[in-house]
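A.B. asks: What follows is a protein structure lacking sequence information:
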């Protein structure tokens, strides 16, 4: 895989001062924004365009509000003029963003003459100051000192900052997965429906239109991170050397991972506020990535086989090419028949049309090549394939060409397919010329021209001057494939993380959706021959199972169902049943415990859950 030295040379480590607590180093790698890589410059331009689009949208919103509020005719006229100016500026900015999305050649090896792939740009997000909000939530909800969580909060912020500019390699993928996995804990710890204590505004820009979207739900942040994971897979897949088998295998793997990621977003996140996270757009992206994976598999099949004349192999390649053409036709229909067309770059639509015609031309070319170069009798496999090679579903069965068993018949049918190939190659070249952005892609034009010249050369070789036989118009080749692709779902477990807020306690109890009283500390002093009057059960956390009537525990205010969070000066939220019992017995006559009372009754009935989670004995023990 090609690498760029300047793409991975910064480590986000918080600098400490005398006033700050000591922080452990955090090795989160992000791209250096100063690095002068082509992709880095492209993403920087994207970020600036997003901000300019956001500014113009705010101006338009203000002008529209003023227009609807005012009754003065002169003011309305001035506002109307300003709105036309703002809309014109917005259109120009969106065209510039579409041009950036068309820069597909920057993500791949420009020294290799191969068909360009379509990689996706990353979604941009603004910096988010979450420290004060989360500290406030810790103090209000968890009744703990928020200052004690400076280090995990700083680590979370460092990680979010680094994931905004991930490197284009496995480290960047791992960084995004780590942040996504941390969001699982953050969501459970700090976010719940119906409470506004920890309201954070997550702002992400649409990768296709540049329009900003703001949501207060962590689900939006998670979906956007997943989208960037899928986009990064497309960029990594596009940069592999597709003139080697290893490079093609790696490209296929990354495109399938991208497809699996987009499918996961589509199935698990609904009501997306931005067009790139919409169901139709994600469906189109899944189809596009599968098409590009099939394209790589086709390129692998033809590696080193340009001089091969095996009829069976040529017919197989023909149907594979027809299948790729049909796949891109399906992508086009999905884009054009839905709202995706409004946000999809025009150059992408043109490139998909080019690929559709190009691979349909290759389907006809490989049929012709196999037929005109075949010598001797047809094999049983070739006869069987030729019988059902053509797609006559739209026509009549009588239009299906007969199996060409003689050399003249094969040459006749081969010429007919070559003519179709030339027509499709010319159509691909025409679409390429009509698109202003694609005209600039020298590699694309070179690939199309080479394939056209190859088909033309074969046609000239077999053309006979005295042949006045009317050419057949064969039906298109029936799409077929031997590759059964399966989507690679996101591998969250391959990037494990630990809960940064572990000391808050087990998240099954100490989470945003559960509530409890302020901690209260009681001191119990017993005589030599009496007990403290309470029984405990469960593990992590341990719960007061019973309080004896008239006992020291009852007099001190300990209640059945209370959760033990501290013994002495030690935090016991994560302690097992045996550990807590041992600490109580070690206290001898003087016991200092800190407890909280669940406000919801479900905690009282956690006996079965504790018994199943902890293998050690969890039955109530009297102390």
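C.D. replies: On my side now, so go ahead. Small disclaimer: the values here were computed from a predicted structure and weren't measured.

A.B. asks: Could you count how many residues lie near residue 261?
C.D. replies: With neighbours defined by other CB atoms under 10 Å, the count for residue 261 comes to 28. Where C-beta positions appear, they are placed from N, C-alpha and C, glycine not excepted.

A.B. asks: so what's it up against?
C.D. replies: For residue 261, the contacting residues are 226, 227, 229, 230, 233, 489, 490, taking CB atoms under 8 Å, 6 or more residues apart in numbering as the criterion.

A.B. asks: From residue 230, how far out is it?
C.D. replies: From residue 261 over to residue 230 the distance is 4 Å, taken as CB to CB, to the nearest Å.

A.B. asks: again, but for residue 443
C.D. replies: To residue 230, residue 443 is 25 Å away according to CB to CB.

A.B. asks: Can you pick out the residue with more neighbours from these two?
C.D. replies: Of the pair residue 443 and residue 230, residue 230 is the one with more neighbours under other CB under 10 Å, namely 25 against 18.

A.B. asks: hang on, isn't that one packed against residue 256?
C.D. replies: No - in terms of CB atoms under 8 Å, residue 230 does not count as a neighbour of residue 256; the distance is 11.0 Å.

A.B. asks: which neighbours do the two share?
C.D. replies: Among the neighbours of residue 230, none is also in contact with residue 256 (CB under 8 Å, 6+ apart).

A.B. asks: Would you map the strands across this structure?
C.D. replies: In the chain, the strands defined using DSSP state E lie at 10-12, 28-30, 202-205, 212-215, 520-525, 534-537, 543-547, 563-567, 570-571, 590-596, 621-622.

A.B. asks: Of all those strands, which one comes closest to residue 439?
C.D. replies: Proximity of the strands of the chain to residue 439 was assessed by CB to CB; the nearest stretch is strand 202-205, lying at 28.3 Å.

A.B. asks: Give me the helices and strands touching the closest one, please.
C.D. replies: Contact partners of strand 202-205 among helices and strands, from 3 or more CB pairs under 8 Å, 6 or more residues apart in numbering; DSSP states H and E: helix 38-69, strand 212-215, helix 218-239.

A.B. asks: for the ones you listed, which one ends up most surrounded?
C.D. replies: Across the helices and strands packed on strand 202-205, the average number of neighbours (mean count of other CB atoms under 10 Å) peaks for helix 218-239, which reaches a mean of 24.

A.B. asks: other SSEs contacting that helix?
C.D. replies: Counting by 3+ CB pairs under 8 Å, 6+ apart, the packing neighbours recorded for helix 218-239 are helix 170-190, strand 202-205, helix 245-268, helix 279-302.

A.B. asks: could I get those as CSV with distance to residue 546 and mean pLDDT?
C.D. replies: Formatted as CSV, those follow (distance: least, CB to CB, whole Å; pLDDT from 0 to 100):
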stretch, distance to residue 546, mean pLDDT
helix 170-190, 30, 93
strand 202-205, 46, 90
helix 245-268, 43, 95
helix 279-302, 53, 95
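
A.B. asks: So which of the ones you listed is nearest residue 505?
C.D. replies: Scanning the helices and strands packed on helix 218-239 with CB to CB as the criterion, the closest one proves to be helix 170-190, at 9.8 Å.

A.B. asks: Report the buried residues of the closest one.
C.D. replies: Applying a neighbour-count criterion of 16 or more other CB atoms under 10 Å, one finds 172-173, 175-183, 185-190 buried in helix 170-190.

A.B. asks: so which of the helices and strands packed on strand 202-205 gets nearest residue 137?
C.D. replies: The nearest among the helices and strands packed on strand 202-205, by CB to CB, is helix 218-239 at 13.1 Å.

A.B. asks: residue ranges for the helices of the stretch 1-150 of the chain, please.
C.D. replies: Shown for the stretch 1-150 of the chain, the helices assigned by DSSP state H, counting those that start in this stretch span residues 38-69, 73-101, 131-141, 150-163.

A.B. asks: out of those, nearest to residue 327?
C.D. replies: Smallest distance to residue 327 across the helices of the stretch 1-150 of the chain (CB to CB): 20.9 Å, for helix 73-101.

A.B. asks: Now the closest one: average pLDDT?
C.D. replies: Helix 73-101 carries an average pLDDT of 70.

A.B. asks: next one: stretch 583-593
C.D. replies: Rounded to a whole number, the mean pLDDT of stretch 583-593 is 87.

A.B. asks: and the gap between residue 522 and residue 370?
C.D. replies: Taking CB to CB, one finds residue 522 at 88 Å from residue 370.

A.B. asks: More neighbours: the two, which one.
C.D. replies: Here residue 522 and residue 370 are set side by side on neighbour count (other CB under 10 Å), and the busier one is residue 370, at 26 against 17.

A.B. asks: Just the pLDDT at the residue lying closest to the more buried one once chain neighbours are set aside, thanks.
C.D. replies: Among residues not flanking residue 370 along the chain, residue 314 sits closest, at 2.8 Å (CB to CB, 6 or more residues apart in numbering). For residue 314, the pLDDT comes out at 91.

A.B. asks: For residue 314, grab the count of nearby residues.
C.D. replies: The burial metric for residue 314, expressed as a neighbour count using other CB under 10 Å, is 23.

A.B. asks: Tell me how far it lies from residue 228.
C.D. replies: Separation of residue 314 from residue 228 (CB to CB): 41 Å.

A.B. asks: What of residue 183?
C.D. replies: Using CB to CB, one gets 13 Å for the distance from residue 183 to residue 228.

A.B. asks: before we move on, back to that, turn the helices and strands packed on strand 202-205 into CSV, columns for mean pLDDT.
C.D. replies: Output for the helices and strands packed on strand 202-205, formatted as CSV (pLDDT from 0 to 100):
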stretch, mean pLDDT
helix 38-69, 69
strand 212-215, 88
helix 218-239, 94
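
A.B. asks: got these as JSON lines, with distance to residue 318 columns?
C.D. replies: Supplementary listing: the helices and strands packed on strand 202-205 in JSON lines, determined by distance: least, CB to CB, whole Å:
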{"stretch": "helix 38-69", "distance to residue 318": "36"}
{"stretch": "strand 212-215", "distance to residue 318": "45"}
{"stretch": "helix 218-239", "distance to residue 318": "25"}
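
A.B. asks: mind listing what residue 135 touches?
C.D. replies: Shown here is residue 135, whose contacts under the criterion CB under 8 Å, 6+ apart are 146, 147, 149, 153.

A.B. asks: Would you mind writing the PyMOL command to select the buried ones in those?
C.D. replies: To isolate the buried ones among these in PyMOL, judged by 16+ other CB under 10 Å, type:
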select buried, resi 146+149+153
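
A.B. asks: Identify, from the contacts of residue 135, the entry nearest to residue 207.
C.D. replies: Sorting those by how near they are to residue 207, with CB to CB, puts residue 153 at the top with 28.6 Å.

A.B. asks: Disregarding residues adjacent in the polypeptide, which is nearest to that closest one?
C.D. replies: For residue 153, ignoring the flanking residues on the chain, the nearest one in space by CB to CB, 6+ apart is residue 131 at 4.9 Å.

A.B. asks: For residue 61, see how far away that neighbour is.
C.D. replies: When CB to CB is applied, the distance between residue 131 and residue 61 equals 30 Å.

A.B. asks: Could you pull out the helices in the stretch 351-500 of the chain for me?
C.D. replies: Ranges of helices in the stretch 351-500 of the chain, per DSSP H, counting those that start in this stretch, are 380-387, 407-434, 442-462.

A.B. asks: All set now, cheers.
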